[in-house]
Structure formats: C-alpha cells, structure tokens
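Engineer: Provide a 3D model corresponding to the input given below.
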Amino acid sequence: MSETEQGPEAEPAAAQPEEPEPAATAGEPARGKRAAKSTRGAAAAGGKTGASSTKPVKDAKADATDDAETDQQADAKADTQGDAKADAQADPKADGKADVTAGSESGPAAGKDAEQQDGAKSDAQRVSLVKAGKGKDEPLWSFAPEPGPTPGRARRVATRVGTAVAEFLGHEWTMAAVGSVLLAALMTWPTLRDPATTIPQDTADPTLQAWQMSWGGHILTTNPSQLWNANAFFPDKYSYAFSDTLLGYAPAGMLGSGPVAALVRYNIMYVLIFALAFFGAYVLARQLGARPTGAVVAGAAFAYSPWRLGQAGHLHVLSIGGIALALAMLARGHGFSLRDGYRPDRRRWGWVLAGWLVAAWQISLGFGIGIPFVYALLLAVLATAVSWGYRHVRVWGVTRPFGWKLFFANLGGGAIFAAVGALMAYPYLQVLKDHPYARRSEELVGLFSPPLKGFFIAPPESWLWGDAYADARATLTWAPEMALLPGFFLYGLAFAGLFVSAWRLKHRIWMLVGVLGTVALAMGTHGPGKGEFGYLALYRALPGFDGIRTSGRLVVWTTLFMALLAAGAVSAFAERAVELFADRTQTDRTDRAGFLPRLATLIPVMLVLFEGAHKTPHPVVPPTPVAMSTLQGPLMVLPSHELFDMNVMLWSTDGFPKIVNGGSGFTPMDQQQLRLTMEQFPDVSTVALLRERGIRTVVVVRSQALGSAYERAIDAPIDGLGLTRTEQGDVVLYKVEDS
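Structural biologist: Okay, here's the model as predicted:
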C-alpha cells in the first residue's frame with residue numbers, strides 16, 4: 001500500500017503525509033479540537049520521554065508550561081479550522097479557501113516532508129501560493145490549486161454549438177434522413193446525371209408537372225389571387241385545378257425560373273419523393289415498435305415497390321411519403337405504439353400538431369391520393385375516440401388521461417387540415433360546375449379497374465421482373481394502371497410476419513384485414529360483387545371518390561400494411577439474434593448481436609431493394625423553340641394535342657404568357673373545338689375566331705407540324721387575312737392584326 005493510501009493510524013503523527021488534513025465540518029468542531037490536542041499531546045509526550053533522564057526539574061516545569069501553551073494554541077487553531085469549514089459550507093465559494101487554510105496549519109515536520117516530495121508530484125498536483133480573501137477569519141495567504149485558463153465567450157459558444165451539431169448529426173433521425181436521400185439518388189439513377197435536359201419516364205405528364213410546380217411558385221410570389229387561373233387553357237377559368245396540382249411543392253417552384261430551372265427542379269423533387277417515402281415508412285415502423293432493420297425493410301418496401309416504377313411519370317401518385325410521416329407524428333404525439341399501446345407519459349402535443357400539418361400538406365399535393373387519405377384519417381380518429389371512450393368510461397378501474405393540451409392540439413390541427421381540404425376542394429367543385437363532363441363515370445372507373453392478377457404482374461420499368469411479365473401485361477386492358485405488383489419478396493416477408501412477428505396477434509390480424517380490404521377496394525369494378533360491395537359503394541356514398549378514375553392507386557395502402565407486417569417479421573428475427581448473442585456472451589446487452597446474425601438480418605433489406613431496381617427511361621426533353629417571354633399573348637402553339645401541349649406548358653414557364661394549349665386529366669370542350677377549327681389555319685374563319693377569343697399570336701413548330709393535320713399552317717397564303725408572318729429557325733410566327 002502506498003503512503004497516500006494508508007490511514008492516519010498507520011504511522012506516527014510526525015510521519016504523516018504532507019497533504020493537509022481536511023478541516024472539520026461545521027457539525028464536528030469538537031472532534032477537530034480533540035484531534036489537534038491528541039496529536040500535539042503525543043508529540044509533547046514523546047519529547048518528554050526522550051529528555052526525562054537529563055533535564056533538570058525546572059526544565060521539566062518549563063516544558064510543561066510550554067506544552068500547556070501549545071495545547072491552547074492547538075485548540076485555538078482547531079477552532080479556527082472548524083469555523084472556516086462551517087463558513088465554507090454556508091458559502092460554497094469559500095469552501096476551497098477553508099480547505100487550503102486548514103492545510104497551511106500543518107506542523108513543521110509535514111512542511112519538510114512536503115518540500116521533499118513536491119518534486120515527485122505531477123504538475124497537476126502541485127500547489128502555488130495564492131492570495132486569499134480579506135474576510136475577518138481568513139489569513140492573508142494560503143495554498144490553493146493553480147487556477148486553469150478560463151475559456152472566452154467565443155470558445156464557450158463554439159463548444160456548445162459543436163456539441164449540439166455533433167448530437168444532431170449522430171441522431172437516428174438525422175442519419176435516417178441522410179441515408180434516405182443517398183439511397184434515393186442511387187435507386188433513381190440516372191435521374192440526377194443530366195437533370196437540365198432529361199426527365200424520367202416520358203415527356204408528357206412529367207413536363208406538365210414541372211409546369212405545375214413552376215406556376216405555383218411563380219404566382220404565389222407575384223399575384224396569389226390568380227393562383228387557380230393559370231396561364232394555360234386560355235380563356236378557361238380555374239385551369240390550375242384541371243388535374244392534381246402539386247401545390248405543396250410551390251415553395252420549390254419559387255427557386256429559379258424558366259424551362260431549364262423547371263426541369264432541374266422536377267428531377268430533384270423526383271428523387272426527394274422516393275427519399276420521403278422511405279423515411280416516412282421508416283419512422284412509422286420505428287414509432288410502432290420495430291427494430292431498425294425491420295424499419296429499413298418497411299421503408300424500402302414502401303418506397304421502391306415494383307408497382308411504383310410504373311407510375312414514374314405521375315409525381316402526384318409517387319408523393320406518398322407524407323402519409324406515413326403524418327401517421328408516425330400523430331402516433332408519437334399521442335404516445336401510441338404497437339409495443340406498449342397508449343402511454344400517457346409520452347404524450348407530446350407539438351408532435352400532434354406537426355402531424356396534422358404534414359397531413360394537410362399531403363392533401364395539397366393532389367386529391368387522387370389525398371381523398372382516400374382524408375377518409376383513412378377520419379376513420380382512425382373515430383376508432384381511436386370510441387376505443388378511448390370505452391376504456392375510460394366503461395372499463396372499471398382503467399384511467400386513460402388525455403389532457404387539454406392534446407385535445408386542443410388535435411382540435412387546432414384538425415381544423416387546419418379541414419380548412420386546407422376545403423380550400424383545395426373549392427376550385428375543383430367550380431371546375432365540375434363549369435365542366436360537368438369532367439366527373440368520372442362508373443364506366444370510366446371500370447375501364448381502369450385492375451383484375452386480381454394485376455397484383456402479381458410487374459410493370460415494364462421493373463429491372464428484375466419487367467421483361468418476364470411482358471406477355472402477362474398484354475392481357476391487361478390498361479397495363480400502366482393495372483400492373484400493381486407490390487413485390488414477391490414483400491409478399492413472402494408479410495406472410496412470414498403473420499406467424500413470426502414483433503407485433504401482437506391482434507395487430508397482425510388487423511394488418512391482414514387491411515391488406516385484404518384495400519386489395520378489394522383497389523380492384524374497383526372487379527372487386528366483390530363487381531364493386532358493389534367495395535369501391536363503387538364508396539364512389540356513390542363518399543364525396544370526392546367520383547373524381548378518381550383509377551381505383552388501383554389504393555395499392556398504396558396495401559403496400560403500407562404489408563410493409564409493416566414485414567417489419568414485424570424482420571424485427572422478431574433481429575430480436576432473436578440479440579437473445580442468442582446475450583446467451584452466448586453471458587451478458588445483458590439488448591442492442592448487439594453476432595456478426596453472422598446481423599448479416600442475416602440485412603438479407604431481407606437487400607432482397608426488397610433488389611426487387612425495386614428499375615430501368616426507367618430518361619428521354620431528352622424537346623428544347624424551347626422560341627423565347628416565349630418575347631411573344632405577345634395570348635397565343636396558341638400548333639400542332640395542338642394533349643401530349644404535345646404538355647411540352648408547350650413547360651416552355652411557357654419562360655414568362656408565363658397566356659396560352660390556349662394545355663393537357664390535363666380531361667379536355668375542355670371549347671379547347672377541343674378550337675383545335676379542330678385550327679386545322680384549317682390560316683383562313684378567314686380561323687382568323688375571325690382568333691380575334692373573337694383575343695388570341696394575338698400563333699406559333700407553328702415546323703418539325704412537329706410536318707405530317708400532321710396542321711401542316712398547312714407552315715406556308716399557306718395569308719393575303720388579305722390580316723396576318724403577318726415571320727420565321728425564326730424551326731418556328732413560324734403569325735401575328736393577328738386588329739381588324
């Protein structure tokens with residue numbers, strides 16, 4: 001045992017370590033006095049014994065007198081030490097001073113030992129002479145630890161910021177979000193290779209949606225009151241509501257201007273949409289109680305199911321990440337998970353409000369996916385309210401606290417959600433009023449309803465299954481909306497999750513009901529009773545369903561239920577791997593597993609991602625033939641048909657002049673009539689019609705008009721028609737003069 005580890009009774013007082021004896025506490029002053037007396041008494045006794053044989057009697061008396069004085073001094077010093085310690089406890093700032101004061105009262109022997117051993121101490125243990133305070137009971141000088149440098153304000157701020165940034169970057173949600181984006185960039189490659197010239201899938205619907213995002217950002221920063229009266233489809237009103245608007249992406253539309261910026265923006269959003277779908281399903285599975293590996297499987301299945309590859313040209317159909325994210329936030333705010341049920345101590349009203357806001361943002365992207373989401377949320381709210389009320393009121397001894405904060409968060413968030421839905425619905429109702437034929441008929445729903453076999457047929461964009469199912473797709477009446485394979489590996493994992501899972505049996509049963517029910521609804525008129533007991537019942541009873549022509553898109557919910565079943569199965573396997581590791585290592589670790597079991601849990605992830613690999617084409621978008629911002633509007637571009645007009649809408653992002661052209665979910669009758677009439681342009685009747693509608697410019701794209709019904713417009717005579725014609729490269733411009 002070293003000297004510093006021995007107790008004070010191990011050696012005589014004179015040989016005690018040089019470190020100062022701690023002062024007595026305020027509650028123990030007597031003990032300090034007795035210790036001081038005992039120490040000095042022993043020293044005095046030792047001195048007397050050694051000199052008793054030689055000293056005279058008078059010297060002994062003198063020594064006794066000195067000893068008495070020494071005892072009195074020791075008592076006074078002990079009292080001083082006790083008082084100083086008591087003051088130190090009353091004032092923490094004086095604590096250090098009291099200790100070092102007591103240390104300075106050591107005897108001469110201790111001081112000599114301290115000088116001898118000071119060189120053996122480390123720099124951190126050395127002491128320096130520092131001036132003490134000026135209190136009444138404090139000495140002028142005392143020994144204290146050498147003070148270290150005090151960091152400046154800038155350093156303290158930098159330390160706090162660095163710590164906060166490190167914690168943020170190391171958080172699970174941050175890593176999941178960054179990983180989602182990186183995975184999306186890889187899985188959608190080569191979307192980001194040439195974002196300024198190419199676009200995924202085709203040059204029809206994607207260019208329309210690139211225009212939609214641009215228009216939303218442009219008009220909200222210039223003239224928000226004209227949001228729904230877009231520059232396309234002139235002179236029709238509410239033309240922005242002719243199809244799903246993607247209005248929620250308007251903030252992105254505020255960045256940049258022109259067709260090139262619109263393309264780059266679209267391609268970036270295309271990648272981020274897959275990332276959000278993965279992230280939303282991941283956090284939902286984690287909130288419900290899945291382990292990280294199981295949550296990754298859920299995210300991969302929800303974001304990269306093969307059926308989604310066939311919808312690569314429909315950004316509003318791909319935009320489903322907000323559904324899972326909103327559900328995760330609402331569940332977190334209410335303290336709910338499938339593992340633990342309702343936990344009142346985990347309630348967070350802020351998460352509830354955020355969940356409702358995300359849900360409102362989701363429906364602003366379009367009603368094709370948004371309408372079913374609205375009714376799903378309504379059903380969840382009703383079911384939760386009934387369940388909570390029953391357990392709170394009817395079940396004896398069960399308390400289910402909810403809280404006013406949570407109540408008002410739901411009330412306010414639900415009101416915002418309803419308000420956004422109403423504001424979004426108003427222009428669509430006006431469109432139906434002006435164009436009654438825009439309503440989806442039951443016959444049209446039947447035309448796009450997929451048969452049951454469609455859920456086992458992959459789209460052509462699937463890298464793994466696309467070619468193998470070419471013959472099967474040929475048997476479908478409209479393969480782009482009927483090839484709805486969620487994934488064969490997902491089928492297997494979901495089936496396994498019915499028997500081996502981290503979820504309780506009742507939850508697995510409800511998920512199975514969700515899978516079967518959503519499949520029946522997605523089949524439309526091919527469902528039970530030819531749809532009479534499924535989709536058609538909703539179509540006739542619930543507002544909004546009569547605006548959806550593609551029932552098969554309800555496969556979104558089928559995929560989500562199966563993804564959660566798969567997450568439960570993989571989580572159960574991961575938990576078993578952890579248990580085996582704990583048994584083998586004889587530890588209580590609940591977050592580690594062996595290398596091979598951990599590697600095995602990644603196999604389902606790789607299989608799901610492998611099945612989600614794509615071969616989506618990325619065609620080059622036709623460049624703008626003329627600077628649209630330099631033309632006098634309103635104008636019409638020839639030839640005019642739905643698919644080509646979507647390119648024209650993209651070109652019109654250069655200045656947003658009013659154009660007659662436009663493509664959407666339906667074709668206005670007045671536009672179709674004008675298209676047919678303009679096949680005779682230029683002649684007297686067409687020029688008169690242009691003047692009547694206020695159209696000032698006609699643009700003929702020569703390369704597109706050749707071989708079409710509008711070929712005559714390239715070089716037909718215009719004498720006496722009140723037109724002026726000029727040519728600019730591939731474009732022939734006609735200006736309509738005032739009559």
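
Engineer: CA atoms for contacts and neighbours, from now on please.
Structural biologist: Noted.

Engineer: domains for the protein, by residue range?
Structural biologist: Residue ranges for the domains of the chain, per automatic domain parsing: 3-145, 288-302+443-621, 320-438, 628-736.

Engineer: pLDDT at residue 586, what is it?
Structural biologist: Per-residue pLDDT puts residue 586 at 67.

Engineer: Residue 715 too?
Structural biologist: For residue 715, the pLDDT comes out at 89.

Engineer: For burial, what's the neighbour tally of it?
Structural biologist: Neighbours of residue 715 under the rule other Cα atoms under 10 Å: 11.

Engineer: Give me the distance between it and residue 688.
Structural biologist: According to Cα to Cα, to the nearest Å, residue 715 stands 19 Å off from residue 688.

Engineer: now residue 479
Structural biologist: Where residue 688 is concerned, residue 479 sits at a distance of 43 Å (Cα to Cα).

Engineer: got it, and residue 341?
Structural biologist: 71 Å.

Engineer: Over to residue 311?
Structural biologist: Per Cα to Cα, residue 311 is found 42 Å from residue 688.

Engineer: With neighbour numbers in mind, choose between the two.
Structural biologist: Comparing residue 311 with residue 688 by other Cα under 10 Å, the one with more neighbours is residue 311, at 20 against 15.

Engineer: Checking my notes, that one in a strand, right?
Structural biologist: No. Applying DSSP: H, G, I helix; E, B strand; the rest coil, one finds residue 311 to be coil, outside a strand.

Engineer: would you turn the domains of the chain into JSON lines with distance to residue 193?
Structural biologist: Output for the domains of the chain, formatted as JSON lines (distance: least, Cα to Cα, whole Å):
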{"stretch": "domain 3-145", "distance to residue 193": "59"}
{"stretch": "domain 288-302+443-621", "distance to residue 193": "10"}
{"stretch": "domain 320-438", "distance to residue 193": "24"}
{"stretch": "domain 628-736", "distance to residue 193": "20"}
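
Engineer: And these: which comes nearest residue 252?
Structural biologist: domain 320-438 (12.9 Å; Cα to Cα).

Engineer: now the stretch 1-150 of the chain, which segments are flagged as low pLDDT?
Structural biologist: 1-146 (pLDDT under 70).

Engineer: Just the buried residues of the helix or strand encompassing residue 557, please?
Structural biologist: If you go by DSSP states H and E, residue 557 is part of helix 555-585. The neighbour-count check on helix 555-585 (16 or more other Cα atoms under 10 Å) flags 555-575, 577-582 as buried.

Engineer: What does residue 640 show for phi and psi?
Structural biologist: phi -130, psi 110 (degrees, to the nearest 10).

Engineer: any idea of the pLDDT on it?
Structural biologist: 94.

Engineer: Name the residues of stretch 538-553 that are buried.
Structural biologist: For stretch 538-553, by 16+ other Cα under 10 Å, it's 538-539, 544-553.

Engineer: Just the ones in strands from those, please.
Structural biologist: Among these, no member falls in strands (DSSP state E).

Engineer: Redo these as TSV? Include pLDDT.
Structural biologist: Below are the buried residues of stretch 538-553 laid out as TSV (pLDDT from 0 to 100):
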residue	pLDDT
538	92
539	92
544	89
545	89
546	85
547	84
548	88
549	87
550	92
551	93
552	93
553	94
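
Engineer: Most widely separated two among those residues?
Structural biologist: Pairwise over these, using Cα to Cα, the maximum falls at 544 and 552, 15.9 Å.

Engineer: The helix holding residue 557: how far from the chain's middle?
Structural biologist: When distances are taken as Cα atoms, centre = their mean, to the nearest Å, helix 555-585 is centred 22 Å away from the chain's centroid.
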